[in-house]
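S.K.: Sequence first, predicted coordinates after that:
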Amino acid sequence: MPIRGRAAMHLDVCDLRDFYYRTNLGRVAQRAIRAQVCDLWPEAKGQTVAGFGFAVPLLRPFLAESRRVIGMMPGQQGVMPWPAGQDNVSVLCEETAWPVEDGLVDKLVMLHGLETSENPAAVLEEAARVLGPGGRALFIVPNRSGLWARRDRTPFGFGRPYSPGQLEAQLAHHGFEVQASRAALFSPPSDRRFWLRAAKMLEGTGRRMAGAYAGGVLITEATKRLYRPTGRTVQEARPRPLRVLDGLPAPGRDPVLPRKI
């Protein structure tokens, strides 16, 4: 069944959950992208790690040692409790008003948050606002020249895909400096058994030989410039998360060590 879009380009949280956790192709994509994230960020001990969009599949490696993990999901997409069987750390929020204090975040991961947004400029302003001194962000978007952006049976076939130059230019316009650029998903977006089995080999070969242009997604690491040429007035009041998950434990300021599984 094709993934259903909601509102303009936003995806439904149930479809995203089903793709990443209940399909073989989604699990292959999750492993490939998460391997790149862990290679760039091998640890986050004592830090605050946040995700926006549907970044929770990439946040699990940080649950054990980070100070806190926050999974923010935009209202147009919907929200689900995460992680399963542990204290909930996900919240529903306005895509242009995150319930996070200025400068609180050390590491930010954005997946299915920028390319599907109706207001990407405001999303990037929020990303810059919540990052603290020395904070780093990973922006993961569909590659305009890759195969995955051309198939709408995966989440990467929705929204506006980017070329490396387009993404870097947009980040620079909103006060970010690019530190590293990578790609992932070098295997075709096929659920045929042959391609699923070959995915790990193709990922390794693609990283060594193909460069960013052949990957299905672009992964760009950036830091916030200390002196920014553009920006908006800092909000006086911190926005509150939308009340869809009332009754579930909310992410607190003190870390909660998850049970090992």
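M.R.: Nice, I can see it. Residues are numbered from 1 along each chain as shown.
S.K.: Below-threshold pLDDT in this structure: ranges please.
M.R.: 1-8, 210-213, 227-261 (pLDDT under 70).
S.K.: repeat that with 50
M.R.: 1, 4-8, 230-231, 233-234, 236, 247, 251-261 (pLDDT under 50).
S.K.: can you point me to the longest strand in it?
M.R.: When the chain is parsed with DSSP state E, its longest strand is strand 131-142.
S.K.: Parallel or antiparallel, which strands does that strand pair with?
M.R.: Applying DSSP bridges, strand 131-142 is found paired with strand 105-111 (parallel), strand 217-224 (antiparallel).
S.K.: For Ala44, see how far away Val28 is.
M.R.: For Val28, the distance to Ala44 equals 25 Å [C-beta to C-beta, to the nearest Å]. Backbone N, C-alpha and C define where each C-beta goes, glycine included.
S.K.: How many neighbouring residues does Phe194 have?
M.R.: 8 (other C-beta atoms under 10 Å).
S.K.: That one: helix or strand, and which one exactly?
M.R.: helix 193-205 (DSSP states H and E).
S.K.: contact partners of that helix?
M.R.: Asn24, Leu25, Val28, Arg31, Ala32, Ala35, Ala184, Leu185, Phe186, Ser187, Pro188, Ser190 (C-beta atoms under 8 Å, 6 or more residues apart in numbering).
S.K.: repeat that with 6 Å
M.R.: Contact partners of helix 193-205, identified using C-beta atoms under 6 Å, 6 or more residues apart in numbering, comprise Asn24, Val28, Ala32, Phe186, Ser187, Pro188.
S.K.: between those residues, which is nearest Arg208?
M.R.: Phe186 (10.0 Å; C-beta to C-beta).
S.K.: And the closest residue in space to that closest one that isn't next to it in sequence, how far from Ile70?
M.R.: Leaving out its chain neighbours, the residue that sits closest to Phe186 by C-beta to C-beta, 6 or more residues apart in numbering is Gly206, at 2.7 Å. Using C-beta to C-beta, we find Gly206 at a distance of 31 Å from Ile70.
S.K.: The two: who's more crowded?
M.R.: Ile70 (26 against 20).
S.K.: For the host helix or strand of the more buried one, report the contacting residues that lie outside it.
M.R.: Element membership for Ile70, per DSSP H and E: strand 68-74. For strand 68-74, contacts defined as C-beta under 6 Å, 6+ apart pick out 48-52, 56, 59, 62-63, 79, 82, 89-93, 95, 98, 251, 255.
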